[in-house]
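In: Model the following, please.
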Amino acid sequence: MPTLLISGFEPFAGKTFNTSQHVAEALDGQHLTRDVEIRSVVLPVVRGEAITQLLAACTAHNPDTVIMLGEVDNRTSITPERVALNMEDFRIPDNHGNQPRDTPIHDHGPAAYFATIPVTAMVEAIVDCGLPAEVSNSAGTFVCNHLFYGLMRHIHQDNDRLRAGFIHLPAILPDETPADMELSLSGCVDGIRAAATAVYRHGSCR
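Out: Predicted coordinates:
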């Protein structure tokens, strides 16, 4: 049975809740069309440790697809990311106090990797559900981008059968939908499920 691995992040920056953790945990154990099983993992907001734990989850679950989730404060829609940059420039420390500034993730790595899941089709599927979504061309330079770049590097070097990409979600508190947002937590869950279904309908592409 094909397996989709969805990762989310623990809370960070003094918060007690992370939208991506909620969505990943809500989808764990569900099935998509074609009997695709969803498994989830919640990762630490710590450079290095996040990718190590994600790769361990890949070994444990042997997925054919990985969708990484993160949250971001300044967005109000679901935003699949097109590209991971070889750059880390942490505005705030991660959960272990690491704060690299203006440094490459890998000294000899390429400048960027593209997602290998169909970001445009994913956006269209989310919008078709009546939810706000758009393609993003910047995953930032914090742990989300660090994880995204790290997994894509692993795929290009060691596991080219695996396809993967990253999606940012708005930061939403439990039982709260800000007045300027069209999204609730349940809407985020529905949106990611729709995006994941689109991945299996369209295959690997940008």
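
In: Can I get the lengthiest helix in the chain in PDB? Just the C-alpha atoms.
Out: Using DSSP state H, we find that the single longest helix of the chain is helix 185-202. Presented in PDB, the C-alpha positions along helix 185-202 are these (Å, rounded to 0.1, in the frame of the first residue of the first chain):
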ATOM      1  CA  LEU A 185      -8.000  24.600  11.800                       C
ATOM      2  CA  SER A 186     -10.500  22.100  10.300                       C
ATOM      3  CA  GLY A 187     -10.100  24.000   7.000                       C
ATOM      4  CA  CYS A 188      -6.400  23.500   7.100                       C
ATOM      5  CA  VAL A 189      -6.900  19.800   7.600                       C
ATOM      6  CA  ASP A 190      -9.300  19.700   4.700                       C
ATOM      7  CA  GLY A 191      -6.900  21.700   2.500                       C
ATOM      8  CA  ILE A 192      -3.900  19.500   3.200                       C
ATOM      9  CA  ARG A 193      -6.000  16.400   2.500                       C
ATOM     10  CA  ALA A 194      -7.100  18.000  -0.900                       C
ATOM     11  CA  ALA A 195      -3.500  18.900  -1.700                       C
ATOM     12  CA  ALA A 196      -2.400  15.300  -0.900                       C
ATOM     13  CA  THR A 197      -5.100  13.800  -3.100                       C
ATOM     14  CA  ALA A 198      -3.900  16.100  -6.000                       C
ATOM     15  CA  VAL A 199      -0.400  14.700  -5.600                       C
ATOM     16  CA  TYR A 200      -1.500  11.200  -6.200                       C
ATOM     17  CA  ARG A 201      -3.700  12.300  -9.100                       C
ATOM     18  CA  HIS A 202      -1.000  14.200 -10.900                       C
END
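
In: residues of it that come out buried?
Out: With burial defined by 16 or more other CB atoms under 10 Å, the residues of helix 185-202 counted as buried are 185, 187-200. The way it works is simple: take the backbone N, C-alpha and C, and place the C-beta from them, glycine included.

In: all strands for the protein, in order.
Out: 3-9, 37-43, 65-72, 79-81, 83-85, 112-114, 163-170 (DSSP state E).
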